[in-house]
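S.K.: the amino acid sequence is not available; the structure is as follows:
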């Protein structure tokens, strides 16, 4: 059974950092595109970052460029999202999701999802 589990969320002050983890089980991440999405209360889910299968390319939401970094550790079958210089508008539930090979900006194109982890940026 394909499964993704996120961890690393929490409460952080503005300007702080968090590292989210997305651990896979039941399949190896190597050839899968892994996307990070977020959903704030009352807002639609939006794509934050994505790493294509085999780590060939990465994409970022414009508002997080230069602050967030997506990376893979294939030995641990885990993808990370390092979030620096966090802002209150980054507050949301963050999800990771998997699809074969290529990234997509549409959440509907991802078939496997984690349960989400809450990130709250507040003083």
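M.R.: That came through, no problem. Values in this document were obtained by computation on a predicted structure and should not be read as measured data.
S.K.: quick one: low-confidence parts of the chain?
M.R.: Counting by pLDDT under 70, the chain has low-confidence residues at 55.
S.K.: contacts only, for the most centrally placed residue in the chain.
M.R.: Among the residues of the chain, the one closest to the centroid is residue 36, at 2.5 Å (CA atoms, centre = their mean). Shown in contact with residue 36 (CB atoms under 8 Å, 6 or more residues apart in numbering): 20, 22, 47-50, 70, 79, 81, 94-97. Every C-beta, even on glycine, is put in place using the N, C-alpha and C of the backbone.
S.K.: please repeat the previous calculation with a cut-off of 6 Å.
M.R.: Residue 36 sits next to 48-49, 81, 96 when contact means CB atoms under 6 Å, 6 or more residues apart in numbering.
S.K.: quick one, phi/psi of residue 88?
M.R.: Dihedral pair for residue 88: phi -60, psi -30, per degrees, to the nearest 10.
S.K.: wait, doesn't it sit right on residue 121?
M.R.: Yes: assessed by CB atoms under 6 Å, residue 88 is found in contact with residue 121 at 5.0 Å.
S.K.: checking the nearest residue to residue 32 once chain neighbours are set aside next. Helix, strand or coil?
M.R.: Nearest non-adjacent residue to residue 32, counting by CB to CB, 6 or more residues apart in numbering: residue 98, 4.6 Å away. Using DSSP: H, G, I helix; E, B strand; the rest coil, the structure places residue 98 in strand.
S.K.: my read is that residue 98 contacts residue 33, right?
M.R.: No: judged on CB under 6 Å, residue 98 makes no contact with residue 33 at a distance of 7.0 Å.
S.K.: so what's the residue count around the residue nearest to residue 32?
M.R.: Residue 98 has 22 neighbouring residues, counting by other CB atoms under 10 Å.
S.K.: wait, what's in contact with it?
M.R.: With CB under 6 Å, 6+ apart, residue 98 has these contacts: 32, 34, 112.
S.K.: hmm, 8 Å instead?
M.R.: 2, 4, 24, 27, 29, 32-35, 110-112.
S.K.: got a markdown table for the residues you listed, with distance to residue 64, secondary structure and neighbour count too?
M.R.: Shown next, in a markdown table, are the contacts of residue 98 (distance: CB to CB, whole Å; DSSP: H, G, I helix; E, B strand; the rest coil; neighbours: other CB atoms under 10 Å):
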| residue | distance to residue 64 | secondary structure | neighbour count |
| --- | --- | --- | --- |
| 2 | 27 | coil | 12 |
| 4 | 20 | strand | 24 |
| 24 | 22 | strand | 22 |
| 27 | 27 | coil | 15 |
| 29 | 21 | coil | 23 |
| 32 | 21 | strand | 24 |
| 33 | 18 | strand | 25 |
| 34 | 16 | strand | 27 |
| 35 | 13 | strand | 28 |
| 110 | 18 | coil | 23 |
| 111 | 24 | coil | 10 |
| 112 | 23 | strand | 17 |
